[in-house]
Structure formats: C-alpha cells, structure tokens
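Trainee: model the following, please.
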Amino acid sequence: MARRHWTIGLLPATEEEIISVPTNGYAVVNAIWIANITGSDRTVTIKHIPQGQATADGFCLMKGVTVSANTTTIIARDEPIFMTEGSKLTALSDSASAIAFTVYGDANSPIVREESEDG
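Mentor: All right, here's what the predicted structure looks like:
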C-alpha cells in the first residue's frame, strides 16, 4: 500500500468525486485539508457514498459546515475512513473556486483525480 494524496484543487459548487475506489481496490483516508482562500466564510459538504448507492444526505460526513474566511480546517481522526471497492468520496462548496481541497491517505491502486505517491 502506498501513501498518497489526492487533490481536486478548488472545489466546485456542484458535487464532485474526489476518490472513486476501483474493483478490487481500497483506500484509507487519514486526513482532509480544507482551505478557504477567500475573504468570506464558505460552507463545505463531504460525503462517503457506498458502492452502488446514489448520492444522498444520509451519506454526509459533514454538511454545510462553515470554513471561516482565509483559514484552513484539517479533518484528522484517530480512526481513519476506510473506503472499499466501489465507494466514493465527494465534496462541494457553496461557492466555486473558494475552497482548496486535499485528501491524504493510503491506497492499493491508483484511484481518481490528480494523485501523487508520497513514498
């Protein structure tokens, strides 16, 4: 398993896949960095959608959580988020191009998005 980070750059105002785990794959999310690069407060929604399910509010990890102007919020848990084959991590902001979004973790195969191995 390789340490990786996935980045979407700036979140759109519509829900976008950050991670999509392929067949026979898995991912472990250890931390999510959310940086508001604007002078106004913004909100962020993140979902962990199981295999075969459509997006729904019931899959929210956080919904409409405010990230204050010009600040960074780091979501890091004692227990990581385990993602199995077919599951997805999605995110959106209330304003396009306001939130820089990066996920750090591990995976057994390339996932989706701009991805880098951290060694």
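Trainee: in the one helix or strand A27 maps to, what's buried?
Mentor: Using DSSP states H and E, the element containing A27 is strand 26-36. Buried positions in strand 26-36, judged by neighbour count with 16 or more other Cβ atoms under 10 Å: 26-30, 32-36. Any C-beta I mention is one placed from the backbone N, CA and C, and that applies to glycine too.
Trainee: just stretch 83-99 next, same as before
Mentor: Using 16+ other Cβ under 10 Å as the test for burial, stretch 83-99 gives 83, 87-95, 98-99.
Trainee: which neighbouring elements make contact with the helix or strand where R77 lies?
Mentor: Assigned by DSSP H and E, R77 belongs to strand 72-84. Packing contacts for strand 72-84, counted by 3 or more Cβ pairs under 8 Å, 6 or more residues apart in numbering; DSSP states H and E, involve strand 26-36, strand 42-49, strand 60-67.
Trainee: a markdown table for the ones you listed, including mean pLDDT and distance to D106?
Mentor: Below are the helices and strands packed on strand 72-84 laid out as a markdown table (pLDDT from 0 to 100; distance: least, Cβ to Cβ, whole Å):
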| stretch | mean pLDDT | distance to D106 |
| --- | --- | --- |
| strand 26-36 | 93 | 4 |
| strand 42-49 | 97 | 16 |
| strand 60-67 | 96 | 18 |
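Trainee: any chance of those strands in JSON lines, with distance to G9 too?
Mentor: Shown next, in JSON lines, are those (distance: least, Cβ to Cβ, whole Å):
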{"stretch": "strand 26-36", "distance to G9": "11"}
{"stretch": "strand 42-49", "distance to G9": "14"}
{"stretch": "strand 60-67", "distance to G9": "16"}
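Trainee: how about the ones you listed, which one is nearest D78?
Mentor: Among the helices and strands packed on strand 72-84, strand 26-36 comes nearest to D78, with 10.4 Å by Cβ to Cβ.
Trainee: angle of that closest one against strand 42-49?
Mentor: If you take axes from the mean of the first three to the mean of the last three Cα atoms, to 10 degrees, strand 26-36 sits at 170 degrees to strand 42-49.
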